[in-house]
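J.: pasting a predicted model and its sequence here:
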Amino acid sequence: MWLINEHGFLSIVEKPEQEGTGMLTVRGRDGYSVAHLARFLDKKPEKVIIKSSDTDYPFRMIASKVDVARYSTELILAIEYSNFKDRITLARGNVWHDALMNVWSDLLALTPPRVKTWQRKERAGRRARRDAQYDRPYAGSRR
């Protein structure tokens with residue numbers, strides 16, 4: 001499972017040797033993403049994060065399924081924004097925003113064509129309403 005949130009990106013898997021243990025491997029491309037989970041679990045990141053330059057996810061830690069579920073639940077309960085892309089820019093900066101826009105754009109390709117047509121019409125309607133708003137005289141003018 002991929003978990004993308006304002007604190008970063010995690011890839012969460014159950015390795016074959018973890019089957020039946022209730023444990024998961026939580027992986028990240030950057031240390032901050034994994035460290036945020038470690039701190040949430042009251043663990044010192046430097047003690048629980050395994051660093052490796054031999055894998056595509058250089059930062060890893062082991063956590064119980066219950067702890068990872070608790071973490072994801074808390075992330076959801078803490079949502080207080082109406083636009084995730086704006087929030088990620090505030091929290092992690094433009095590099096993260098741009099990377100996630102690439103993911104968003106790639107996933108847009110999975111949207112059925114009929115839905116995309118509706119989205120284009122809806123956007124065009126909003127644009128027309130917005131443009132019409134600027135064509136009207138200002139409420140305080142004598143025009």
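T.: Perfect, I can see it now. The structure presented is a predicted model; accordingly, all values stated were derived computationally and were not measured.

J.: so G28 bridges to which residues?
T.: With beta bridges defined as DSSP bridges, G28 has these partners: F59.

J.: tell me the contacts of it?
T.: G8, F9, L10, S11, V34, Y57, P58, F59, R60 (C-beta atoms under 8 Å, 6 or more residues apart in numbering). C-beta coordinates here come from the backbone N, C-alpha and C atoms, glycine included.

J.: filter those residues down to the buried ones.
T.: G8, F9, L10, S11, V34, Y57, P58, F59, R60 (16 or more other C-beta atoms under 10 Å).

J.: now tell me which of those the prediction trusts least.
T.: Checked by pLDDT, the buried ones among the contacts of G28 have G8 as the lowest-scoring entry (93).

J.: surely it meets R27?
T.: No. With contact defined as C-beta atoms under 8 Å, G8 does not reach R27; the gap is 11.2 Å.

J.: tell me, what's touching these two both at once?
T.: With C-beta under 8 Å, 6+ apart as the test, G8 and R27 both reach V34.

J.: helices and strands of this structure: which one bottoms out on pLDDT?
T.: Least confident helix or strand, the chain: helix 113-135 with a mean of 61, by mean pLDDT, DSSP states H and E.

J.: can you map out the helices along the chain?
T.: For the chain, the helices defined by DSSP state H cover 31-40, 45-48, 65-77, 84-92, 94-108, 113-135.

J.: quick one: low-confidence ranges for this structure?
T.: Filtered on pLDDT under 70, the chain yields the residue ranges 115-143.

J.: let's see that with 50 instead.
T.: 136-143 (pLDDT under 50).

J.: wait, doesn't R60 sit right on T25?
T.: Yes. Between R60 and T25 there is a contact under C-beta under 8 Å: 5.9 Å.

J.: quick one: contacts for W104?
T.: W104 sits next to K85 when contact means C-beta under 8 Å, 6+ apart.

J.: how much space between it and V48?
T.: 31 Å (C-beta to C-beta, to the nearest Å).

J.: swap in P113?
T.: For P113, the distance to V48 - C-beta to C-beta - is 46 Å.

J.: between these two, which has more neighbouring residues?
T.: Taking neighbours as other C-beta atoms under 10 Å, P113 and V48 compare with V48 leading, 17 against 7.
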